[in-house]
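Novice: build me a model:
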Amino acid sequence: MSDKVKNLICTIANPATGMTLGAEERISEVKVEGKKISIKYDREGISPAQKRVIEDSIYGLLKADFEEDDITIMTFSKDSKDVFGGAPAAKKESAPKQEAAQVKAGHGPVGATKKRIPNVKNVLAVSSCKGGVGKSTVSVNLAMSLKNKGYKVGILDADIYGPSMPMLLGKREAKPAANEQKKILPVEALGVHFISFGLFIQEDDAVIWRGPMLGGVLNQFLFDVEWGELDYLIIDLPPGTGDMQLSMVQATEVDAAVVVSTPQEVALLDTRKGMKMFEKVNVPILGMIENMSYFVPDDNLDKKYFIFGEGGVKNACSELKTDFLGEIPMEIALRVGSDTGVPYMSSSAHEGRPVWNAYMELANKVDQKMNGKEKKGFFSKILGK
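Specialist: Numbers count the residues shown, from 1 in each chain. So this is what the prediction gives:
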């Protein structure tokens, strides 16, 4: 129990540096005795306000398993004068709690210097803005399609609340290791390397975390993972425009984003809002992908059933003045591949079928825009250069 709690607390971000407490080796002791728990950490260089942010996060993390009165947090430091060795942390009060809820703690100040992920040529964010449109399935199969073109590809699952990559890639029982430099080693699946918070927790564990903690995990996944040399890193974003999206675009250089939607108007409504977020933070949008465009039955590959409507995303692209990247149809094999952890585009047995052709066409368009003849004109147009 103590080790499990320590591992979770280690993912909390230090507001003073943006690194996790684990990466800085600040957690010195975690003791669980019955219903009581005590934590001791090094708070050198951490201000009182930042200390409250950290301890607020610890309380939030532990409240599902421990009563607040049974949680004791101790700190030690060489120089900080306000450390009371061995004394329980002050109980949360309304005013300090509001002071602690600073956006800076989660994803850094707006305008902070962005860092480039070492040895990664192209960082591509896949966004949906609306949940349930198949964004993670698109991320996995786009990654596999780029791999089919001969590229080295990685996937970063940035959906901390609902990580699905371990299931989609057939690695539900895998646990990442670390190298001698304490860098996390991504898990390999079918020729693609990936990292996901789902690899660090049990599948039925609920993640009840606040922004600062989310930002700490994302920062670790971006810069504390030994990605090696990659042609593409696909970042599978959670739906919406919250902490994780802002943390990502403010912490690292994202080369471009693609936006996934179904043809339905209810999905497109949120998609329009999400695209404006990328515009405001100066992340170029390659275009939109229409997922679940139509259903193709196995007994007649020329037949199309437009279950969710027809042409919705293409019409939205015209309205928003962005490129339409293509339609991804549905096949039974696509669903089966997702459920069994064998992505559709990882199997050459599907070559030539409608979904296969659609994903390879999508991969070709993405690659052309990011690395081909279109790149100079496209990014100059987007960035006004």
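Novice: so which helix or strand takes in residue 269?
Specialist: Assigned by DSSP states H and E, residue 269 belongs to helix 265-280.
Novice: show me which residues of that helix are buried.
Specialist: Neighbour counts over helix 265-280 (16 or more other Cβ atoms under 10 Å) mark 267-268, 270-271, 274-275, 277-278 as buried. C-betas here are computed from N, CA, C, even on glycine.
Novice: so where do the strands sit in the stretch 201-350 of the chain?
Specialist: Taking DSSP state E, counting those that start in this stretch as the criterion, the stretch 201-350 of the chain contains strands spanning 230-236, 256-261, 285-295, 324-330.
Novice: export those strands to TSV and append columns for mean pLDDT, mean neighbour count and distance to residue 352.
Specialist: TSV is the format used below for these (pLDDT from 0 to 100; neighbours: other Cβ atoms under 10 Å; distance: least, Cβ to Cβ, whole Å):
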stretch	mean pLDDT	mean neighbour count	distance to residue 352
strand 230-236	95	24	24
strand 256-261	92	26	24
strand 285-295	94	23	18
strand 324-330	96	21	14
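Novice: could those strands go into TSV alongside distance to residue 355?
Specialist: Below are those laid out as TSV (distance: least, Cβ to Cβ, whole Å):
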stretch	distance to residue 355
strand 230-236	18
strand 256-261	15
strand 285-295	10
strand 324-330	6
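Novice: out of these, which gets nearest to residue 137?
Specialist: Distance to residue 137, taken as Cβ to Cβ, is lowest for strand 285-295 among these, at 7.6 Å.
Novice: low-confidence ranges in the stretch 151-300 of the chain?
Specialist: Within the stretch 151-300 of the chain, the ranges that satisfy pLDDT under 70 run 202-216, 240-248.
Novice: can you show me the helices along it?
Specialist: Taking DSSP state H, counting those that start in this stretch, the helices of the stretch 151-300 of the chain run over residues 165-168, 211-223, 243-251, 265-280.
Novice: test my guess that residue 32 contacts residue 5.
Specialist: Yes. Counting by Cβ atoms under 8 Å, residue 32 does reach residue 5; the two are 6.7 Å apart.
Novice: and those two? which has more neighbours close in?
Specialist: residue 5 (20 against 17; other Cβ atoms under 10 Å).
Novice: next, that one: phi, psi?
Specialist: Main-chain torsions, residue 5, degrees, to the nearest 10: phi -60, psi -40.
Novice: can you pull the contacts of residue 320?
Specialist: Residues in contact with residue 320, defined by Cβ atoms under 8 Å, 6 or more residues apart in numbering, are 272, 275, 288.
Novice: got a pLDDT number for it?
Specialist: Among the per-residue scores, residue 320 holds a pLDDT of 86.
Novice: so how far is residue 12 from it?
Specialist: Taking Cβ to Cβ, to the nearest Å as the measure, residue 320 falls 38 Å from residue 12.
Novice: next one: residue 235
Specialist: 22 Å.
Novice: among the helices of the stretch 151-300 of the chain, which is nearest residue 131?
Specialist: Residue 131 lies closest, by Cβ to Cβ, to one member of the helices of the stretch 151-300 of the chain: helix 265-280, at 8.8 Å.
Novice: so what touches that closest one?
Specialist: Helix 265-280 is contacted by residues 127-130, 133, 239-241, 245, 249, 257, 259, 261, 284-285, 288, 309, 312-313, 316, 320, 322 when judged by Cβ under 8 Å, 6+ apart.
Novice: so for stretch 364-382, what's the average pLDDT?
Specialist: For stretch 364-382, the mean pLDDT works out to 70.
Novice: make that stretch 34-42, sorry
Specialist: Taken as a whole, stretch 34-42 has an average pLDDT of 90.
Novice: and the residue nearest in space to the middle of the chain, how far from residue 233?
Specialist: The centre of the chain sits closest to residue 158, judged by Cα atoms, centre = their mean, with a distance of 0.9 Å. Remark: distance between residue 158 and residue 233 (Cβ to Cβ) = 11 Å.
Novice: which element, helix or strand, includes the nearest residue to residue 168 once chain neighbours are set aside?
Specialist: The shortest distance from residue 168 to any non-neighbouring residue, by Cβ to Cβ, 6 or more residues apart in numbering, is to residue 140 (4.9 Å). According to DSSP H and E, residue 140 maps onto helix 135-148.
Novice: give the contact list for the closest residue to residue 293 other than its chain neighbours.
Specialist: Using Cβ to Cβ, 6+ apart and skipping the chain neighbours, the partner closest in space to residue 293 is residue 327 (3.7 Å). Residue 327 makes contacts with 290, 293-294, 313, 358, as judged by Cβ under 8 Å, 6+ apart.
Novice: about what we covered before: grab the CA positions of the helix holding residue 140 and hand them over as CSV.
Specialist: In CSV, the C-alpha atoms belonging to helix 135-148 read as follows (Å, rounded to 0.1, in the frame of the first residue of the first chain):
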residue,chain,number,x,y,z
LYS,A,135,-10.4,10.0,-31.7
SER,A,136,-8.2,7.4,-30.0
THR,A,137,-9.0,4.8,-32.6
VAL,A,138,-8.0,7.4,-35.3
SER,A,139,-4.8,8.1,-33.4
VAL,A,140,-3.8,4.5,-33.2
ASN,A,141,-4.6,3.7,-36.8
LEU,A,142,-3.1,6.8,-38.1
ALA,A,143,0.1,5.9,-36.2
MET,A,144,0.0,2.4,-37.7
SER,A,145,-0.5,3.9,-41.2
LEU,A,146,2.5,6.1,-40.8
LYS,A,147,4.5,3.1,-39.6
ASN,A,148,3.3,1.3,-42.8
